[in-house]
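Chemist: show me how the following folds:
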Amino acid sequence: MATDTGTYRATLRVVSDGTPGTVDMQLLATVGTATSVHEDLAAMGTVSVWPNPATSSFSLQVGAPCRAMLINSVGQMVGSWSGEAGTTKLDVADLPKGAYRVVLTHGLGIRAIGLIVE
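Modeler: Down below sits the predicted model:
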């Protein structure tokens, strides 16, 4: 088990019943210094979504690089974006009217904000 920071290499061997042979895949993992969820949420800073309700687009403002996912009311991801700190305008004109969740991730931190599309 890798517990120290650094780069680790491994081989994953996949053997399937009914298929002759095996598949070997080389894996490379880089382990960095661990942070806490609290630190990652603090680094995300203030998060703002407007207008809410939205009609054709909404703006998302974050204080750190984040990944954003738009989840519909049945739990399906209907959009995703990655971006730097600042404000991004996101298009929702083609989405059905309804309730959505904007789920933001930064490191271990996760935030979810409700969004209505009209």
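Chemist: which strand or helix spans Ala43?
Modeler: Here Ala43, judged by DSSP states H and E, is contained in helix 37-44.
Chemist: give me the helices and strands touching that helix, please.
Modeler: Judged by 3 or more CB pairs under 8 Å, 6 or more residues apart in numbering; DSSP states H and E, the packing partners of helix 37-44 are strand 98-106, strand 109-117. Bear in mind the C-beta positions are built from the backbone N, C-alpha and C, glycine included.
Chemist: just these: most buried one?
Modeler: Sort these by mean neighbour count, taking mean count of other CB atoms under 10 Å, and strand 98-106 sits at the top with a mean of 18.
Chemist: okay, now the sheet partners of that one, with direction.
Modeler: According to DSSP bridges, strand 98-106 forms sheet pairs with strand 66-71 (antiparallel), strand 109-117 (antiparallel).
Chemist: between that strand and helix 37-44, how many degrees?
Modeler: 100 degrees (axes from the mean of the first three to the mean of the last three CA atoms, to 10 degrees).
Chemist: what residue lies at the spatial centre of this protein?
Modeler: Nearest to the mean C-alpha position of the chain, counting by CA atoms, centre = their mean, stands Arg67 at 4.0 Å.
Chemist: wait, isn't that residue in contact with Ser80?
Modeler: Yes: the criterion here is CB atoms under 8 Å, and Arg67 meets it with Ser80 at 6.9 Å.
Chemist: write down the beta-bridge partners of Tyr100, one by one.
Modeler: Bridge pairing for Tyr100 - DSSP bridges - gives Leu115.
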